[in-house]
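# Below are the sequence and a predicted model; questions follow.
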Amino acid sequence: QVQLVESGGGLVQAGGSLRLSCAASGRTFSMSALGWFRQGPGKEREFVAGISSGGGSISYADSAKGRFTISKHNANNTGDLQMNNLKSEDTAVYYCAAKKSGVVRAYAEAYDYWGQGTQVTVSS
């Protein structure tokens, strides 16, 4: 069992940066792939970025490539999503999620554990 808590969301101007963090409890986090998803107003939840259990495999949505960086820190059971050059369309609730297995996947159904979400609002 893994419990996840996100932090770091907030209000930022377009072009600015935010760093989201995901704190995990549970002994299996190091064996779990980690993903970040978001759900904007009136939109479906979408994949943003994912990283394998050991960090050797990383995947980004096209919208995140070149602007977002995902990382995973097994030593302290945390993961981060660094978001740069934010745009108004990045406004959403951001969720971190973990899989029981270590292989990264880009769809929500593959993830077993979810945080409560953190709001990111980008003003234009």
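Ah, there it is.

# which residues in this protein form strands?
3-7, 10-13, 18-25, 34-39, 46-51, 58-60, 68-73, 78-83, 92-98, 113-114, 118-123 (DSSP state E).

# Residue 106: which of those is closest?
Counting by CB to CB, residue 106 lies closest to strand 46-51 out of these; the figure is 4.4 Å. C-beta coordinates here come from the backbone N, C-alpha and C atoms, glycine included.

# For that closest one, C-alpha coordinates in CSV please.
These are the backbone C-alpha positions of strand 46-51, laid out as CSV (Å, rounded to 0.1, in the frame of the first residue of the first chain):
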residue,chain,number,x,y,z
GLU,A,46,-4.6,13.4,-18.8
PHE,A,47,-1.1,12.0,-18.5
VAL,A,48,1.7,14.6,-18.0
ALA,A,49,4.8,12.6,-17.2
GLY,A,50,5.9,9.3,-15.8
ILE,A,51,9.1,7.7,-14.5
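
# so can I have CSV of the strands of the chain showing distance to residue 106 and mean neighbour count?
Listed next are the strands of the chain as CSV, based on distance: least, CB to CB, whole Å; neighbours: other CB atoms under 10 Å:
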stretch, distance to residue 106, mean neighbour count
strand 3-7, 18, 17
strand 10-13, 25, 13
strand 18-25, 17, 20
strand 34-39, 8, 25
strand 46-51, 4, 23
strand 58-60, 6, 17
strand 68-73, 12, 19
strand 78-83, 15, 22
strand 92-98, 11, 24
strand 113-114, 16, 18
strand 118-123, 20, 17
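
# mind putting the ones you listed in TSV, mean pLDDT included?
As requested, these are arranged in TSV below (pLDDT from 0 to 100):
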stretch	mean pLDDT
strand 3-7	96
strand 10-13	98
strand 18-25	97
strand 34-39	98
strand 46-51	98
strand 58-60	98
strand 68-73	98
strand 78-83	98
strand 92-98	98
strand 113-114	96
strand 118-123	98
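
# Please tabulate these in a markdown table and include distance to residue 107 as additional columns.
Supplementary listing: those in a markdown table, determined by distance: least, CB to CB, whole Å:
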| stretch | distance to residue 107 |
| --- | --- |
| strand 3-7 | 18 |
| strand 10-13 | 27 |
| strand 18-25 | 18 |
| strand 34-39 | 9 |
| strand 46-51 | 6 |
| strand 58-60 | 11 |
| strand 68-73 | 16 |
| strand 78-83 | 18 |
| strand 92-98 | 11 |
| strand 113-114 | 13 |
| strand 118-123 | 21 |
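
# I appreciate the help and will end here.
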